[in-house]
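# Sequence and predicted structure are below.
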Amino acid sequence: MSPALHILKPGLMTTVQDLGRAGFQNLGIGISGALDTVALRLANLLVGNDPTAGALEVLYLGPSIEIEADRVRMSFVGANTPVEILPDRWASSGSRIEMLRSVTLKRGEVVRVGSMTGGATLYIGVEGGFDISPTLGSVSTNIRGGTGGWHARALLAGDRLPLCRMRVADRGEFRVEGMEFRAPTCIRAIPGPQDDHFDDAEIAKFFSSAYTVQSGSDRVGLRLQGEPIRHVRDFNIASDATVPGSIQIPGTGQPIILMADRQTIGGYPKIATVISADLPKLGRLSIGCKTAFAPVTVETAQALRQAMLSELDALADRVVPIRSTAGGSAPLLHAENLISGVVHALPDEGALVDE
Amino acid sequence: MKADAVMIEYRILAAGDTAIVVELGDSIDRGLNAAVLALARKLDESKIVGLNETIPTFRSLTAFYEPTLLSKAALEGHIASILHELQPAQARGRLWRLPVCYDSQIAPDLDSVAARAGLTPAQVAERHSGTVYHVYMLGFLPGLAYTGDVPPELVLPRHVSPRPRIPAGMLGIAMAMSLIMPRETPSGLNLIGRSPIAMWRRAKTPADSDAALLAPGDKVIYQPVSVREYEQLAAKSAAGELDLVPELGPAA
């Protein structure tokens, strides 16, 4: 039997995601990819994958997964979530493991991922990755667009997600050092492109109010509730392009932040755009979270992006061995030639630390 | 229209720190759209390092760039020089003849659209299929093409309450735009027909890639077919045996 992850319970919304498929937005395909790209990269680095590889993205409630391969190495990075290892699918209890680390599982064992606290996303990295053909250069699942991933949908109970490796090497495990994945209390944004559809008082209100993330928020958009923002004119524009992090103000006056699975064009004025360094933090905002927006200039945002890209370059340094292995983590990972030295500059990459 | 007599006015708007919007106007207009598409073509051909991709729309173009490779000012400079020399003539796109079945059995809004326009369903089909449409842009869903303009008597707003689900291939009207849905989706369109043609083509081999049937700047003629012909074509399409070949479009 070929190696696979047997999905016993799918969780709320578990999809295959990588950094997305940039380059085809003129065909109507959004970029998709992980909501928290920093957590995705770390989940991959922990299991020795290229940081841009595909992993499982879990929203709010995790899956139960039975191992159908001789030996599988997995990692768990993101919001605080109970993760248990059960000896087999009939067992009712197992042993709890820490997050932000890798762990090796044997055939028949079950990993049970619970409910998150204080966040919305968790990434499960799998050494060697999934045996799934990329669509337009990416294994990301775009459910709205019916493209990519595992049959362009979230995992279902009974799925057998094929793996590339039957048996991973027997070596030490790794953990992430000095990283937190808290929901941000402030998101930085650049006014525009349609800030001229709002008067100065309304823009000031937008940047000084607290907004709460509403139910109905998903991989397409974060729906916010707070002080309504009034348009100067009509709330319809001749549709134009959206970008990841576009903040639309529809007729209700309540902002919607467009996320990874967004529509590429839209007909609502966009008051501001979340800066690229803060996009991964949006993935940590769960329903009920309060957040606010701070205005920054393009120049400031680009300096923050530069800093973020440098931190991404150094991300592998945060992955350290749990048991002492000769030579430490970096030489081992580099020796296996598994770490890409190149950071692919995609518009959805973001910062590493909350301010 | 004389090429040298056109002065293109535009605004540059920020869409975050990795994209700018080149706004040529605020309305849906073939002249504006031709300029947007010509700009998109020039930018794509330019191979500017750090320019990642563009999204042309009705009346603006959004350019995605990597600021560590290409400064906003440099990108704006490239755009200014392209727009300064831009020939507003439309490229000679392709002409597609897309079969559409206009029949009340298949299209749930055909009768009500006819009634609102004071026409018979057959007249709606005749008017809707009696004009050459321009593909303004692709967007919203993979392969979804906004084609226009719908004859004035058939211009209708979207339904106030969208249908939760319509099947792929449904042809609907939203204001002056006519759209064929590439996949099952919620929709507020006024559904007057259905096409058997897949607007988003799945890769047939691993070497192949998924692709949109239509491209911005293409022309489309909707060709009425009977329910029987529709069913035959839909069966061929589902089996992957229906390959439409476009003609060379009319000279601009």
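Perfect, I can see it now.

# Which pLDDT value goes with B:Asp4?
Per-residue pLDDT puts B:Asp4 at 50.

# Residues of the stretch 151-252 of chain B that sit close to chain A?
Proximity of the stretch 151-252 of chain B to chain A, by Cβ under 8 Å from any Cβ of the partner chain, involves residues B:Pro182, B:Arg183, B:Glu184, B:Trp200, B:Ala203, B:Pro206, B:Ser209, B:Asp210, B:Ala211, B:Ala212, B:Pro216. (Each C-beta comes from the backbone N, C-alpha and C, glycine too.)

# Filter these down to just the ones in strands.
B:Trp200, B:Ala211, B:Ala212 (DSSP state E).

# Quick check: closest non-adjacent residue to the first one.
Going back to what we said before, that points to B:Trp200. Nearest residue to B:Trp200, sequence neighbours excluded (Cβ to Cβ, 6 or more residues apart in numbering or on different chains): B:Gly143, at 3.3 Å.

# do the same with B:Pro167
Excluding the flanking residues, the one nearest B:Pro167 by Cβ to Cβ, 6+ apart is B:Glu184, at 5.4 Å.

# What are the phi and psi values at that neighbour?
The phi and psi torsions at B:Glu184 (degrees, to the nearest 10) take the values phi -60, psi 140.

# Same check on B:Tyr146?
Main-chain dihedrals, B:Tyr146, degrees, to the nearest 10: phi -90, psi 110.

# hmm, the longest helix that chain A contains in reach of chain B?
Ranked by number of residues, the top helix in chain A under DSSP state H is helix A:298-313. Yes. Counting by Cβ under 8 Å from any Cβ, chain B has neighbours in helix A:298-313: A:Val298, A:Ala301, A:Gln302, A:Leu304, A:Arg305, A:Gln306, A:Leu309.

# What's the first helix or strand after that helix?
strand A:319-321 (DSSP states H and E).

# That following strand packs against which elements?
Here strand A:319-321 touches helix A:37-46, strand A:174-176, helix A:329-335, going by 3 or more Cβ pairs under 8 Å, 6 or more residues apart in numbering or on different chains; DSSP states H and E.

# In the sheet, which strands lie alongside that strand, parallel or antiparallel?
Strand pairing for strand A:319-321, using DSSP bridges, gives strand A:174-176 (antiparallel).

# which other helices and strands contact the following helix or strand past the strand it pairs with?
Using DSSP H and E, the next helix or strand after strand A:174-176 towards the C-terminus is strand A:186-191. Using 3+ Cβ pairs under 8 Å, 6+ apart, the elements in contact with strand A:186-191 are strand A:270-274, strand A:290-295, helix A:298-313.

# quick one: the longest one to chain centroid distance?
Just to be clear, that refers to helix A:298-313. Averaging C-alpha positions (Cα atoms, centre = their mean, to the nearest Å) puts helix A:298-313 19 Å from its chain's average.

# circling back: let's see if you can find the most crowded of the ones in strands among the residues of the stretch 151-252 of chain B next to chain A.
Within these, B:Trp200 tops the neighbour count with 24 neighbours, counted by other Cβ atoms under 10 Å in any protein chain shown.

# what residues does the stretch 101-250 of chain A put near chain B?
A:133, A:135-136, A:142, A:144-147, A:190-194, A:237-241, A:243, A:245-246.

# picking that back up, from the ones in strands among the residues of the stretch 151-252 of chain B next to chain A, pick the one nearest B:Gly139.
B:Ala212 (10.4 Å; Cβ to Cβ).
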